[in-house]
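Asks: build the 3D model from these lines:
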Amino acid sequence: MRVRILLPLAVIVVLGLSTVEPVSGAMVTFELGGVLTEVYGPSDLAVGDRFTGRFSYTLDQTGTNVPTPGITNYVFDSYSLTIQGQTVSAMGGGIQVGNLPGFDYFQLNVDPPGTVVTGSINGFSAGTLFLALNDLTGSAFTDSTLPTTLDLANFSGLRRVDVFFPPANGTAFGEITNLSVVPLPGAVWLFLSGLGGLAFARLNRKI
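Replies: So this is what the prediction gives:
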């Protein structure tokens, strides 16, 4: 009887885990999507093209402070952007988190030669990738630590991605329309394993 009660309880808790924020020390991954709003140059991209993206970073890393108080630099683990079914990506670029009076922001920057962008779109290799979320009220962050989650509703000032194709092959700017944390399936399986072990232990006690 106890095992039968535990099974529906497991389903309820597993569903709840998909919305739990990652704890410090874990890697957090975001998925994003949007539409291109400005296109310049011969990249064969067009205003209205949809894009998707994904970026990850580790929460417990030590940031580097800049001379301006309230701004901290970090590194991300990976970032990719897909347009017209073609993907450009990079690893180990920079993140900057700003928590200033009346202005908070989150920026992700891939700027060679320190970081290399791989892949191409319509035969054009991307040289620089940029993502910016700006809050003009200064209420998005309480400090400049890496956020465990990012709510797009808190960044009405700017929600943009940029793609640059050097040396003179164009630039594309896009508006981010959705952004969400990717649930960690490993946490679900860890919970199920623990729950299964608990049920098994209780059964053994009865035998």
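Asks: mean confidence for the longest strand along the chain?
Replies: Ranked by number of residues, the top strand in the chain under DSSP state E is strand 27-40. In this model, strand 27-40 carries a mean pLDDT of 97.
Asks: who touches that strand?
Replies: 22, 45-59, 77, 83, 131, 148-150, 159, 161, 170-182 (CB atoms under 8 Å, 6 or more residues apart in numbering). From N, CA and C alone the C-beta is placed, and that goes for glycine too.
Asks: what subset of those is buried?
Replies: By neighbour count, with 16 or more other CB atoms under 10 Å, the contacts of strand 27-40 hold 22, 45, 49, 51, 53-55, 57, 59, 83, 131, 150, 159, 161, 170-174, 176, 179, 181 as buried.
Asks: how far away is the closest residue to residue 89 other than its chain neighbours from residue 41?
Replies: Excluding the flanking residues, the one nearest residue 89 by CB to CB, 6 or more residues apart in numbering is residue 80, at 3.8 Å. Residue 80 sits 22 Å away from residue 41, going by CB to CB, to the nearest Å.
Asks: more neighbours, those two?
Replies: Shown here are residue 80 and residue 41; by other CB atoms under 10 Å, residue 80 has more neighbours (18 against 14).
Asks: which strands border whichever strand or helix holds that one, and is each parallel or antiparallel?
Replies: Assessed by DSSP states H and E, residue 80 sits inside strand 78-83. If you go by DSSP bridges, strand 78-83 pairs up with strand 50-58 (antiparallel), strand 86-90 (antiparallel).
Asks: what's the average pLDDT for the last one?
Replies: What it means is strand 86-90. Across strand 86-90, the per-residue pLDDT values average to 96.
Asks: ok now it, how far from the chain's centre?
Replies: Relative to its chain's centre, strand 86-90 lies at 15 Å (CA atoms, centre = their mean, to the nearest Å).
Asks: so what touches that strand?
Replies: Applying CB under 8 Å, 6+ apart, the contact partners of strand 86-90 are 78-81, 110, 115-122, 125-126, 129, 163.
Asks: okay, domains of this protein per the record?
Replies: 1-19+183-207, 26-182 (automatic domain parsing).
Asks: out of the ones you listed, deepest packed?
Replies: Comparing the domains of the chain by mean neighbour count (mean count of other CB atoms under 10 Å), domain 26-182 ranks first with a mean of 17.
Asks: tell me where this structure has helices.
Replies: 2-17, 185-206 (DSSP state H).
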